[in-house]
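In: This is the structure alone, sequence omitted:
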C-alpha cells in the first residue's frame, strides 16, 4: 500500500476576482474549494493516475470534515486522526484582469501531545507499507523531530520513504535517512545555506545532501524541470514550453508522478520523466486543481532527459 502523510493539511478556498479595488467591495466572480496540503495533493494525483493509496494526517472541525469528505468524493481512502483544533483554510486569489495569483497560507491548528502520539502509533501499525510519502509544513507546536521519527518507523516496517518539506523540518527530517527527498531549488538553497542557480552548483549541493545518507535527491526547478542525483546516476529532465495557468501543487504532482513510475516498476530515469510530466500537467489546470491523466499521458513522450554523469 502507498501512504501519504500530511500533518498540516488544508482546505483550499480558491477565488477569482476581475480586479482588486482597494477600499471598495470586490465581487467574487467564481469560487472553488479543494482538499489541500502537500501529501493530500500527492494522494489526489496518485488516485487520478490509477494508483491505490491511503491519506493520513490530522483533521479537525467543520473544515476538516469537508476536507475528508472531498477526498472521499475523489475516491481516496483516508485514515485521519481527529484533533480538537480546526483544520486550516488557505485562501488563493486569482485576479482575472492581470492573471496574477496570491496565496494566503494559514498556520494551522496546534496539535496536542496525545494527538501527536496517535500519529506515531498509527505509523507503527501501517498495513504492508510499500511507499510512504511525508509532505508539507508542520503544525504549530510540533517539533521537526517528528519527521525523523516517522521516517525511522516507516523504514523499519520495510517502506521506501520520500520526504518533501522545507527548513528545519527538512534539516531534521533527513537525519532519519529517507530514501528520497524532493526539495525545490529554493528549499535546497536554504538547506545548504547557499543560493543555487547553476546546474552544476545544484548537482554539487544535492551530492552533499546525499552524503548525509539520503538515497535520492530530486530538485524541482519550475519550468527548468527536475534534476535527480543518486548514488551512481545524475539526470536532468525538463518539459516542453506550455501555457502555465497555475503552479500550486506542481511539486506535489511531481512526487506523485515519481511514485507512479516506481509502482509501475520503472527505473529512476523513467520515473523522473513521469515526475516532470505530472508536475507540468498540473500547471495547465486553473486554481488549485491538479493534473489530469490525459494531459499527463500526452506530456510523457515530450519530456527531454539528459544523462549528466555520475
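Out: Thanks, I have it. Worth saying up front: this structure is predicted, and the values here are computed from it rather than measured.
In: what helices or strands is the longest helix belonging to the chain leaning on?
Out: As far as residue count goes, and with DSSP state H defining each element, the longest helix of the chain is helix 268-283. Using 3 or more Cβ pairs under 8 Å, 6 or more residues apart in numbering; DSSP states H and E as the contact criterion, the neighbours of helix 268-283 among helices and strands are strand 216-220, strand 226-229, strand 234-238, helix 250-263, helix 293-299, strand 304-309. Using the backbone N, CA and C atoms, a C-beta is placed for each residue, glycine as well.
In: can we see that at 10 Å?
Out: With contacts defined as 3 or more Cβ pairs under 10 Å, 6 or more residues apart in numbering; DSSP states H and E, the secondary structure elements packing on helix 268-283 are helix 38-48, strand 216-220, strand 226-229, strand 234-238, helix 250-263, helix 293-299, strand 304-309.
In: tell me the mean pLDDT over it?
Out: Confidence over helix 268-283 (mean pLDDT, whole number) is 93.
In: For that helix, buried residues please.
Out: Buried residues in helix 268-283, defined by neighbour count with 16 or more other Cβ atoms under 10 Å: 268, 270-283.
In: same deal with stretch 169-188?
Out: Neighbour counts using 16+ other Cβ under 10 Å place 169-176, 178-185, 187-188 of stretch 169-188 among the buried residues.
In: where do the strands sit along the chain?
Out: Counting by DSSP state E, residue ranges of the strands within the chain are 2-6, 10-17, 28-36, 53-59, 77-82, 88-95, 100-104, 131-135, 160-164, 180-181, 216-220, 226-229, 234-238, 304-309.
In: any chance of the helices and strands packed on helix 268-283 in a markdown table, plus mean pLDDT, mean neighbour count and distance to residue 109?
Out: Output for these, formatted as a markdown table (pLDDT from 0 to 100; neighbours: other Cβ atoms under 10 Å; distance: least, Cβ to Cβ, whole Å):
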| stretch | mean pLDDT | mean neighbour count | distance to residue 109 |
| --- | --- | --- | --- |
| helix 38-48 | 93 | 28 | 16 |
| strand 216-220 | 95 | 25 | 28 |
| strand 226-229 | 95 | 25 | 33 |
| strand 234-238 | 93 | 20 | 38 |
| helix 250-263 | 94 | 27 | 21 |
| helix 293-299 | 87 | 16 | 34 |
| strand 304-309 | 86 | 13 | 42 |
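In: now these as a markdown table including distance to residue 114?
Out: Written out in a markdown table, the entries for the helices and strands packed on helix 268-283 read as follows (distance: least, Cβ to Cβ, whole Å):
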| stretch | distance to residue 114 |
| --- | --- |
| helix 38-48 | 22 |
| strand 216-220 | 35 |
| strand 226-229 | 39 |
| strand 234-238 | 44 |
| helix 250-263 | 29 |
| helix 293-299 | 40 |
| strand 304-309 | 47 |
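In: if we compare these, which one ends up closest to residue 129?
Out: Between residue 129 and the helices and strands packed on helix 268-283, the shortest separation by Cβ to Cβ is 12.7 Å, and it involves helix 250-263.
In: Of the buried residues of helix 268-283, which is the nearest to residue 131?
Out: Checking the buried residues of helix 268-283 against residue 131 with Cβ to Cβ, the nearest one is residue 271 at 11.4 Å.
In: Any figure for the gap between that closest one and residue 228?
Out: In this structure, residue 271 and residue 228 are 9 Å apart, going by Cβ to Cβ, to the nearest Å.
In: likewise residue 56?
Out: Per Cβ to Cβ, residue 56 is found 26 Å from residue 228.
In: again, but for residue 209
Out: 13 Å.
In: what do residue 271 and residue 228 both touch?
Out: Residues touching both residue 271 and residue 228 by Cβ atoms under 10 Å, 6 or more residues apart in numbering: 216, 218, 237, 258.
In: Which residue is the nearest non-sequential neighbour of the second one?
Out: Spatial nearest neighbour of residue 218, chain neighbours left out: residue 182 (4.4 Å); criterion: Cβ to Cβ, 6 or more residues apart in numbering.
In: Now do the same contact list for the one you found.
Out: Under the contact definition (Cβ under 10 Å, 6+ apart), the residues listed for residue 182 are 38, 133, 135, 162-165, 170, 188, 216-220, 226, 228, 251-252, 254-255, 258, 275.
In: So it versus residue 134, what's the distance?
Out: Residue 182 sits 10 Å away from residue 134 when distances are taken as Cβ to Cβ.
In: Which residues are in contact with each of these two?
Out: 38, 162, 163, 164, 165.
In: What does the pLDDT read for the closest residue to the third one other than its chain neighbours?
Out: Okay, so that is residue 163. Nearest residue to residue 163 in three dimensions, chain neighbours excluded: residue 178, at 4.3 Å (Cβ to Cβ, 6+ apart). Reported pLDDT at residue 178 in the predicted model: 97.
In: Name the residues contacting each of residue 209 and residue 228.
Out: Contacts common to residue 209 and residue 228, judged by Cβ under 10 Å, 6+ apart, are 217, 219.
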